[in-house]
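A.B. asks: sequence plus predicted model, see below.
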Amino acid sequence: MAAGQTSVPAGIRQTRPNVNPRVTIRQAMLEPGRPRHAQISDWLRQRIEEGSYQTNEKLPSESQLGEQFDVSRITVRRALQTLENEDLIYRRQGLGSFVKETRVSQRLVRLTDFAEDMEAAGIEARSRILRFDAEPASADVAVALDVAVGEKVFRLDRVRVGDGEPFAFDRTWMMPFYAQLLYDHDLERETIYHILEEEYDIPVTRGRFRIEAVNAEEEVAGRLGVPVGCALLLIDRISFTEPERRVYFQRRYYRCDRVAYELELSRMMPSGEGTDDEIPHTEFEPVFKDRNADA
């Protein structure tokens, strides 16, 4: 490599050579009366969302955008900063601005499973089954499933994979009745929700969640391919069917570099009267992140 050249990190794609930025950008005319930086960010956002620019593809440079829109670099930088704040692009010093991996959110106002969340984000989901057998219920499992300590339960351990990479590791405990319904199914591709609801007409009606930050212990770290002690997102979930029967208790460890949760709250109740005890949430959703974008 010649002296003074900047290397391009793996995974980053340069601007397509068969696209003339000058010709493409000239199609966008700025309107009077609106901030010019907002119009530029709107123009770029639309082309990212429609797929004109692909993940890790380089956007036109600041000078190119400034020349074609006839604005200053300060205006262009404000437009790019808006897109960066929206998590649509990332910037590399000396290289330029690049499109981040699309992060499509799956709302958890409605109860969903892993495969549904990943499908909504455009990610191919699979599971690697590590074990599926019986064991006596520990104290915390007994409380979660409302059974006696030592009672026979079945434990299912899985690494949850998205596009070939581990996103999560979970342990799921359930009563023998529900476990035996899963025996003849491909648990690498089928989810518990799908099997129970589609094959046996057992609806999973609600779930109770508890979310906390933990450090990865040796086994979990090994399953997820992260260092021991790495920060993880732990989600405990109890899923219920009718009438208030507990289907399973699940403990899932998410890699923090691959997923975050976003919560949107409404201050007012639908009636217009807000209370301190009942503040409704309107969105609660996982957002899947590009592992390389913040490297």
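C.D. replies: Sure thing, it's come through. Residues are numbered from 1 along each chain as shown.

A.B. asks: where does the stretch 151-295 of the chain dip in pLDDT?
C.D. replies: Low-confidence segments of the stretch 151-295 of the chain (pLDDT under 70): 262-295.

A.B. asks: do you have the strands of the stretch 151-295 of the chain handy? List them.
C.D. replies: Per DSSP state E, counting those that start in this stretch, the stretch 151-295 of the chain carries strands over the ranges 152-162, 165-174, 206-215, 231-241, 245-255, 259-265, 281-288.

A.B. asks: the fourth one vs strand 245-255, what angle?
C.D. replies: In this structure, strand 231-241 runs at an angle of 160 degrees to strand 245-255, with axes from the mean of the first three to the mean of the last three Cα atoms, to 10 degrees as the basis.

A.B. asks: what's the answer for the third one, then?
C.D. replies: With the same axes, to 10 degrees applied, the angle from strand 206-215 to strand 245-255 works out at 30 degrees.

A.B. asks: what residues of strand 206-215 count as buried?
C.D. replies: Gly207 (16 or more other Cβ atoms under 10 Å). (Each C-beta comes from the backbone N, C-alpha and C, glycine too.)

A.B. asks: what are the contacting residues of it?
C.D. replies: 111, 229-240, 253, 261 (Cβ atoms under 8 Å, 6 or more residues apart in numbering).

A.B. asks: and those residues, which two are furthest apart?
C.D. replies: Gly229 and Phe240 (34.3 Å; Cβ to Cβ).

A.B. asks: in terms of neighbours, single out the busier of those two.
C.D. replies: Phe240 (17 against 11; other Cβ atoms under 10 Å).

A.B. asks: ok, what's across the strand from that one?
C.D. replies: For Phe240, the beta-bridge partners are Arg206, Arg246 (DSSP bridges).

A.B. asks: do Glu212 as well
C.D. replies: Going by DSSP bridges, Glu212 forms beta bridges with Leu234.

A.B. asks: do Ala125 as well
C.D. replies: Assigned bridge partners for Ala125, using DSSP bridges, are Gly162.

A.B. asks: and it, how far from Glu242?
C.D. replies: 27 Å (Cβ to Cβ, to the nearest Å).

A.B. asks: these two: which has the busier surroundings?
C.D. replies: Ala125 (19 against 10).

A.B. asks: tell me if I'm right that the more buried one and Gly164 touch.
C.D. replies: No - contact criterion Cβ atoms under 8 Å: Ala125 and Gly164 do not qualify, at 10.6 Å.

A.B. asks: ok, and what's touching the helix or strand hosting Ser41?
C.D. replies: Per DSSP states H and E, Ser41 falls inside helix 36-49. With contacts defined as Cβ under 8 Å, 6+ apart, helix 36-49 is touched by 28, 30-31, 53, 59, 65, 69, 71, 75-76, 78-80, 82-83, 86, 88-89, 99.

A.B. asks: how about the CA coordinates for it, as PDB?
C.D. replies: The C-alpha coordinates for helix 36-49 follow below in PDB (Å, rounded to 0.1, in the frame of the first residue of the first chain):
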ATOM      1  CA  ARG A  36     -31.200  22.500   4.000                       C
ATOM      2  CA  HIS A  37     -29.500  20.000   6.300                       C
ATOM      3  CA  ALA A  38     -32.800  18.400   7.100                       C
ATOM      4  CA  GLN A  39     -33.600  18.000   3.400                       C
ATOM      5  CA  ILE A  40     -30.200  16.400   2.700                       C
ATOM      6  CA  SER A  41     -30.700  14.000   5.600                       C
ATOM      7  CA  ASP A  42     -34.200  13.200   4.300                       C
ATOM      8  CA  TRP A  43     -32.800  12.500   0.800                       C
ATOM      9  CA  LEU A  44     -30.100  10.200   2.100                       C
ATOM     10  CA  ARG A  45     -32.400   8.500   4.500                       C
ATOM     11  CA  GLN A  46     -34.900   7.700   1.700                       C
ATOM     12  CA  ARG A  47     -32.200   6.100  -0.400                       C
ATOM     13  CA  ILE A  48     -30.900   4.100   2.400                       C
ATOM     14  CA  GLU A  49     -34.300   2.800   3.300                       C
END
